[in-house]
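*Asks:* no FASTA, just this:
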DNA sequence: GGCTAAATATGATGGGCATCATGTAAATGT
DNA sequence: ACATTTACATGATGCCCATCATATTTAGCC
């Protein structure tokens, strides 16, 4: 049955949100189109009215979730602390899309890779802006190095099957990033 | 046809090597059992004589490749430099299994996760041993923080669709890790 | 109010893949 | 040397999934 324009727009939004959560939680391959539609409260039939293919859904979902990805205008240390927390590690579905999906981007279409690239570019810029006390070269290096460590630590912490070591990876990386930012600031 | 004991052992080894390369290059899901066997010079029929399932192959492949993963007894800065090189970024199939597979471990069986955990534990220890000038607490923090940054940077560099930014992520992370190691050493 | 087009539902279709069944020939032990 | 076991090959089987075909209902326009 046909639905109103605004209902359709809301449906589309729900599909993207559902896809975003499911992809982060289970990976692109392990989520079926039908599963996404069901999570959005629809059936699989209407899917191709919204997207031309599953690859198209992936690309649009990435653009959607990376645009929404704030990173916060707040204090960088606070952000690092929450990023490198057990809570974030355990919340794949609602957590950072870069940590959850960056490694899988390699196997996706150019459109998806492009969306991820732009998301990373702006994330690096955002972190850089949170380090105004540094000169531009140090700022760039600190932003990229910190971001790589943060993403890497969450990926490793999620891969590790021992809660003690997993917690340690998060906490030591937090201390390391904090120290790196401070040391550069002091140099 | 039956083959000799040693031929069978060699076949098994070839299967694991082929699987290791294919998994790193294309991911666990995108590689079929038949593809692995073909790459090993066999047909898919004999597979279940060597492994009880594809999941079993994944777990054994991880144990195989992570045991072989040296990380080198050489200089840490040299290792970091080669790890964070465009050459390594572009060589998924032959590159670090952690960078290629860690993010996918989340969706694998407990046996696979356990193999990855042990691999990471020994890798962190190895990096720590390459920092003998630090006291134990700093050493541990530097080892974990550096390793997280290295893995994260390679994953990000591989995800990015712009060679300039991708190269920059590698190079800036290399500089950041170098500086971090030095700063801690000097503190 | 009635017509038309569009959004979604239900129900195929076809291919890929993990796993299994069976055949075959060679290695191993006596 | 022979029997037997066994490692591998060939050839199903059945499931899951992306995509398509068709039906249905209702929004949007006159």
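*Replies:* Looks like it arrived, so ask away. Owing to the predicted nature of the structure, the values given are computational and were not obtained by experimental measurement.
*Asks:* Not including adjacent chain positions, what is the nearest residue to the spatially most central residue of chain A?
*Replies:* The residue lying closest to the centre of chain A (C-alpha atoms, centre = their mean) is residue A:97, at 1.6 Å. Of all residues not flanking residue A:97 in the chain, residue A:65 sits nearest, at 4.8 Å (C-beta to C-beta, 6 or more residues apart in numbering or on different chains). Bear in mind the C-beta positions are built from the backbone N, C-alpha and C, glycine included.
*Asks:* surely the one you found meets residue A:20?
*Replies:* Yes - counting by C-beta atoms under 8 Å, residue A:20 is a contact partner of residue A:65 at 4.5 Å.
*Asks:* and the gap between whatever residue of chain A ends up closest to DNA strand C and chain B?
*Replies:* Nearest to DNA strand C in chain A, going by C-beta to the nearest atom of the strand, is residue A:45, at a distance of 2.4 Å. Residue A:45 sits at a distance of 26 Å from chain B (criterion: C-beta to the nearest C-beta, to the nearest Å).
*Asks:* got it, and residue A:112?
*Replies:* In this view, residue A:112 and chain B are 9 Å apart by C-beta to the nearest C-beta.
*Asks:* Just the element for that residue, please.
*Replies:* For residue A:112, the host element (DSSP states H and E) is helix A:110-129.
*Asks:* Just the buried positions in that helix, please.
*Replies:* By neighbour count with 16 or more other C-beta atoms under 10 Å in any protein chain shown, helix A:110-129 contains the buried residues A:111-120, A:123-124, A:126-128.
*Asks:* Would the helix or strand following that helix count as contacting chain B?
*Replies:* Using DSSP H and E, the helix or strand that directly follows helix A:110-129 along the chain is helix A:136-159. Yes - on the criterion C-beta under 8 Å from any C-beta of the partner chain, helix A:136-159 is in touch with chain B at A:140-142, A:144-153, A:155-156, A:158-159.
*Asks:* what's the angle between helix A:136-159 and helix A:110-129?
*Replies:* Counting by axes from the mean of the first three to the mean of the last three C-alpha atoms, to 10 degrees, helix A:136-159 lies at 120 degrees to helix A:110-129.
*Asks:* and the helix or strand of chain A with the lowest mean pLDDT, is it in reach of chain B?
*Replies:* The least trusted helix or strand in chain A, going by mean pLDDT, DSSP states H and E, turns out to be helix A:163-186, with a mean of 91. Yes - judged by C-beta under 8 Å from any C-beta, helix A:163-186 and chain B are in contact via A:165, A:168-169, A:172-173, A:175-177, A:179-180, A:183-184.
*Asks:* Please tabulate these in a markdown table and include neighbour count as additional columns.
*Replies:* As requested, those are exported to a markdown table (neighbours: other C-beta atoms under 10 Å in any protein chain shown):
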| residue | neighbour count |
| --- | --- |
| A:165 | 17 |
| A:168 | 17 |
| A:169 | 28 |
| A:172 | 22 |
| A:173 | 29 |
| A:175 | 17 |
| A:176 | 29 |
| A:177 | 29 |
| A:179 | 18 |
| A:180 | 23 |
| A:183 | 17 |
| A:184 | 22 |
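*Asks:* from those residues, which single one is nearest chain B?
*Replies:* residue A:176 (2.7 Å; C-beta to the nearest C-beta).
*Asks:* That closest one contacts residue A:150, doesn't it?
*Replies:* No - using C-beta under 8 Å, residue A:176 makes no contact with residue A:150, being 10.3 Å away.
*Asks:* any common contacting residues for these two?
*Replies:* Shared contacts of residue A:176 and residue A:150 (C-beta atoms under 8 Å, 6 or more residues apart in numbering or on different chains): residue B:148.
*Asks:* Which pLDDT value does the model give residue A:125?
*Replies:* Model confidence at residue A:125, given as pLDDT, is 96.
*Asks:* Not counting its neighbours along the chain, what's nearest it?
*Replies:* Nearest non-adjacent residue to residue A:125, counting by C-beta to C-beta, 6+ apart: residue A:143, 7.7 Å away.
*Asks:* circling back to that earlier point, residue B:9: which of the residues of helix A:163-186 next to chain B is nearest?
*Replies:* Using C-beta to C-beta, residue A:165 comes nearest to residue B:9 of the residues of helix A:163-186 next to chain B, at 33.3 Å.
*Asks:* Report the separation between the closest residue to that closest one other than its chain neighbours and DNA strand D.
*Replies:* Leaving aside its sequence neighbours, residue A:165 sits nearest to residue B:121 (C-beta to C-beta, 6+ apart; 6.3 Å). Shown here: residue B:121 relative to DNA strand D, a distance of 32 Å by C-beta to the nearest atom of the strand, to the nearest Å.
*Asks:* so residue B:121 touches residue A:166, yeah?
*Replies:* No - Residue B:121 is not in contact with residue A:166 according to C-beta under 8 Å; the separation is 11.0 Å.
*Asks:* buried stuff in whichever helix or strand residue A:56 is part of?
*Replies:* Here residue A:56, judged by DSSP H and E, is contained in helix A:54-68. Within helix A:54-68, the residues that count as buried by 16+ other C-beta under 10 Å are A:54, A:57-66.
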